[in-house]
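J.: let's see this in three dimensions:
(one chain, ligands or ions: 1)
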Amino acid sequence: MQNTTNHADLAEVFNNDEARVDWHDETLWWIRSKRDVAVNKINNWEELRETASQIKHNVLSNLSNYLQQFESNALSNGIIVHWAADAKEHNQIVLSILRKHSIGQMVKSKSMLTEECHLNDFLEENGINVIDSDLGERIVQLAKEMPSHIVLPCIHKKKEEIGELFHQHLGTPAGNADPQFLTETARQHLRDTFLTRRAALTGVNFAIAETGEFVVCTNEGNADMGAHLADVHIASMGIEKIIPERKHLGVFLRLLTRSATGQPITTYSSHFKRPNKGKEMHIIIVDNGRSIQLGREAFRNSLKCIRCGACMNTCPVYRRSGGHSYHNAISGPIGSILAPNLDMEKYADLPFASTLCGSCTNVCPVKIDIHQQLYKWRQVIVKNGYVPAAKTASMKIMDWTLSSPTAYHTAGKAGRMVLKYAPFMVNNKLNPWYKHRDMPEPPKESFGEWYKKNRK
Ligand code: SF4
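T.: Below you'll find the model as predicted:
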């Protein structure tokens with residue numbers, strides 16, 4: 001990947017492969033269409049969305065109470081509860097659990113929180129071997145890449161590229177890119193991993209305050225396989241994953257997979273309540289900037305997210321720029337409103353990577369006002385001085401021009417003259433707009449001039 005952390009530059013790298021851009025776009029749109037079909041089969045979809053949004057509103061308004069209730073119930077169930085203020089603390093806790101048991105190898109199912117904390121790199125640096133058991137995650141792990149999508153981590157990869165990776169790392173015949181064969185190979189390879197690892201880490205989709213249990217949703221059953229076979233199960237959850245009561249699962253489970261892939265239900269929705277006899281179960285409750293976001297009134301709703309990925313599948317910018325262009329563990333529209341909270345300067349570009357069309361807000365199952373938050377982040381970022389100086393200057397000039405009818409008409413005339421007599425001043429490689437577009441023919445006159453002449 002190019003050494004830059006700017007969405008537009010990274011998107012340009014992705015856009016160099018037009019064929020890849022086209023199928024990435026089409027595949028994600030196909031998933032979005034499947035979501036629409038699944039949603040339209042439920043006649044109370046909007047009611048479900050509103051209910052989920054209100055439940056999460058209640059959770060965010062009483063978060064500390066629900067977290068303490070969850071902790072107390074989890075402790076009485078025999079789960080060991082840890083609290084981590086940030087990514088560093090989370091990673092240290094995982095390492096200390098593994099060291100306590102002299103474990104050097106761990107299997108891990110999909111957890112975007114551990115991606116956010118860069119857990120794999122940290123454990124590898126400390127001599128722990130980690131194998132991701134979700135197929136998509138395993139593929140990006142072998143490729144030494146970040147997931148490009150929260151539900152479909154390797155959606156940016158062609159099957160031929162996956163065949164080549166498996167050939168290099170798992171010894172499959174060169175040139176074999178048959179998905180069925182590659183999946184079976186991964187299954188055999190992971191089966192051995194499951195049988196030999198003494199520790200397993202999973203994410204958490206929902207943590208239930210009322211019972212102290214947590215629920216993990218997967219389509220591959222890999223979280224269950226890892227957790228059931230290992231002696232030590234570690235689950236990592238963000239503080240916002242709480243739901244008050246078990247009955248609320250009925251709302252969220254119906255929304256989650258329909259929004260994510262268009263399936264009526266996730267294949268495995270596994271409940272973990274207490275460790276089996278002789279085994280240990282740990283849960284690490286992680287803040288890592290979430291309390292700060294909770295305190296930002298305009299952005300706190302972003303913590304309602306249930307990580308379904310629907311906003312990515314529908315986003316015209318995400319579909320044609322690829323997840324890696326967001327240079328953050330969580331990409332797409334939701335990543336663009338979460339990331340500036342973590343580091344406003346580093347992620348100042350992300351809220352601008354949007355057309356503000358509002359499609360993300362329309363599909364979000366928990367009714368997060370995503371595009372409005374993108375717009376609000378732009379204002380915060382500008383106020384804090386994190387936009388390039390050239391952009392600030394050009395916006396000032398634009399402000400002045402649009403505020404004065406004389407300046408506006410003069411600029412319009414000058415623009416038409418330049419387009420007609422010196423088009424090279426606009427149609428050149430320094431103009432990013434021109435790189436991917438044909439400039440229009442200059443009109444003979446402005447609308448204002450035409451209107452004056454033709455007004456009856
Ligand atoms: S913001 Fe909404 S649509 Fe996007 S991943 Fe989260 S829950 Fe899904």
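J.: poorly predicted segments of this protein, please.
T.: Low-confidence segments of the chain (pLDDT under 70): 1-4.
J.: what residues does it put near the ligand?
T.: Neighbours of the ligand within the chain, by Cβ under 6 Å from any ligand atom: 259, 305-311, 334, 363-366, 368, 370. For the C-beta atoms, the positions are set from N, CA and C on the backbone; glycine is no exception.
J.: residue in the stretch 1-150 of the chain nearest to the ligand?
T.: Taking Cβ to the nearest ligand atom, the ligand has its nearest neighbour within the stretch 1-150 of the chain at residue 150, 6.5 Å off.
J.: ok, that residue - how many residues close by?
T.: The number of residues packed near residue 150 is 23, by other Cβ atoms under 10 Å.
J.: hang on, it in a helix?
T.: No: Residue 150 sits outside any helix when classified using DSSP: H, G, I helix; E, B strand; the rest coil, being coil.
J.: residues in contact with it?
T.: 112, 307, 309, 312, 330, 331, 332, 334 (Cβ atoms under 8 Å, 6 or more residues apart in numbering).
J.: list the contacts for the residue nearest to the spatial centre of the chain?
T.: Centroid check for the chain by Cα atoms, centre = their mean gives residue 330 as the closest residue, at 3.1 Å. Taking Cβ under 8 Å, 6+ apart, we find residue 330 in contact with 112, 115, 116, 150, 307, 338, 339.
J.: name the SS class of it, please.
T.: coil.
J.: check the one 3 residues further on too.
T.: The local conformation at residue 333, judged by three-state DSSP, is helix.
J.: number of nearby residues for it?
T.: Using other Cβ under 10 Å: residue 333 sits among 30 other residues.
J.: now swap in residue 62 and tell me
T.: 14.
J.: for it, give me its contacts.
T.: Neighbours of residue 62 in contact, by Cβ under 8 Å, 6+ apart: none.
J.: contact partners for the residue nearest to residue 45 when sequence neighbours are not counted?
T.: Nearest residue to residue 45, sequence neighbours excluded (Cβ to Cβ, 6 or more residues apart in numbering): residue 39, at 5.1 Å. By Cβ under 8 Å, 6+ apart, residue 39 lies in contact with 45, 258, 259.
J.: residue of the stretch 351-456 of the chain closest to the ligand, please.
T.: At 3.3 Å from the ligand, residue 364 is the closest residue in the stretch 351-456 of the chain, using Cβ to the nearest ligand atom.
J.: of the contacts of residue 39, closest to residue 83?
T.: The closest of the contacts of residue 39 to residue 83 turns out to be residue 259 (Cβ to Cβ; 30.1 Å).
J.: now do the strands in the stretch 251-400 of the chain.
T.: Assigned strands in the stretch 251-400 of the chain, in chain order: 268-272, 280-286 (criterion: DSSP state E, counting those that start in this stretch).
J.: show me what the last one is packed against.
T.: Contact partners of strand 280-286 among helices and strands, from 3 or more Cβ pairs under 8 Å, 6 or more residues apart in numbering; DSSP states H and E: helix 63-76, strand 80-84, helix 87-100, strand 232-238.
J.: outside of the second one, which residues touch it?
T.: Read that as strand 80-84. Against strand 80-84 from outside (Cβ under 8 Å, 6+ apart): 71, 74-75, 90, 93, 280-288.
J.: in its sheet, what does it sit against?
T.: Note on strand 80-84: by DSSP bridges, its sheet partners are strand 280-286 (parallel).
J.: end to end, how far does stretch 69-83 reach?
T.: 14 Å (Cα to Cα, to the nearest Å).
J.: please apply the same query to stretch 218-235.
T.: 14 Å.
J.: one step back: next, format the strands of the stretch 251-400 of the chain as a markdown table and append mean neighbour count.
T.: Shown next, in a markdown table, are the strands of the stretch 251-400 of the chain (neighbours: other Cβ atoms under 10 Å):
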| stretch | mean neighbour count |
| --- | --- |
| strand 268-272 | 17 |
| strand 280-286 | 22 |
